[in-house]
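Q: Provided below are the primary sequence and the corresponding predicted coordinates.
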Amino acid sequence: MNTGKSVARRAYLIPIACLLVVSCSLDYGEALAEELGEDVPDSILYGFQHTVVENGKPRFRLEADLAENFQVTGRTRLTGVRFSEFNAGGGLVAEGTADSAVFFPDTETAELTGSVSFRRESDGLAVNSGYLKWDGEARLLTSRSDTLTTLRDGDGSRLSGAGFQADAARRSFSFDKGADGSFRGGGE
């Protein structure tokens with residue numbers, strides 16, 4: 001038994017092992033993100049909720065059964081979507097649902113797909129579509145030119161058409177591909 005050589009070898013290997021461990025990095029963030037690509041989420045959340053708060057009151061709430069976050073592209077893919085808009089006092093202005101959505105938190109832009117519907121509380125206006133895009137910066141709500149969108153008002157009015165566009169700032173809407181239905185204008 002030559003224990004002197006064995007102890008010397010161990011004493012020699014310990015500093016080398018320490019150097020190897022110290023030189024290794026456990027931060028694989030960028031490398032892993034590049035390796036995973038744009039279609040693999042960085043995180044998956046169940047029971048997702050995103051609330052925009054102004055002056056201590058909620059202004060907009062976005063909820064989903066499932067949220068997949070993609071940091072590289074700055075988007076969140078949502079499934080089983082519910083959304084609500086509130087006035088400055090915290091009262092409900094509008095609410096809706098969608099089968100799925102892609103949400104861009106930096107611009108508050110969302111693309112809603114599947115069975116999309118929402119209802120405005122003040123006048124009962126309901127919107128149903130297969131696709132709607134909300135541009136948070138321009139405050140525009142648009143559908144695709146080949147997607148049927150239907151508007152129903154609390155007074156019995158109904159309009160359907162493709163190429164829907166609503167401008168929230170101007171409080172106006174249009175259908176680029178024509179519309180069908182009836183509109184009952186208010187008046188005295």
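A: All right, it came through fine. Here the structure is a predicted model, which is why all the values come from computation and not from measurement.

Q: which is the next helix or strand following the helix or strand hosting Thr113?
A: Assigned by DSSP states H and E, Thr113 belongs to strand 109-120. Counting by DSSP H and E, the next helix or strand C-terminal to strand 109-120 is strand 126-135.

Q: so how far is the strand holding Thr113 off the chain centroid?
A: In terms of C-alpha atoms, centre = their mean, to the nearest Å, the centre of strand 109-120 is found 11 Å from the chain centre.

Q: Give me the residues contacting that strand.
A: The contact list for strand 109-120 (C-beta atoms under 8 Å, 6 or more residues apart in numbering) reads 62, 81, 83, 93-104, 125-137. In this view, the C-beta of every residue, glycine as well, is placed from N, C-alpha and C.

Q: try 6 Å this time
A: If you take C-beta atoms under 6 Å, 6 or more residues apart in numbering as the criterion, strand 109-120 is touched by 94, 96-103, 126-129, 131-136.

Q: residue boundaries of the strands in this protein?
A: 43-54, 57-70, 75-86, 92-104, 109-120, 126-135, 140-142, 148-152, 158-162, 164-167, 172-175, 179-182 (DSSP state E).

Q: Okay, angle between the first one and strand 75-86 too, please.
A: With axes from the mean of the first three to the mean of the last three C-alpha atoms, to 10 degrees applied, the angle from strand 43-54 to strand 75-86 works out at 30 degrees.

Q: What are the contacting residues of strand 43-54?
A: Pro58, Arg59, Phe60, Arg61, Leu62, Glu63, Ala64, Ala67, Glu68, Asn69.
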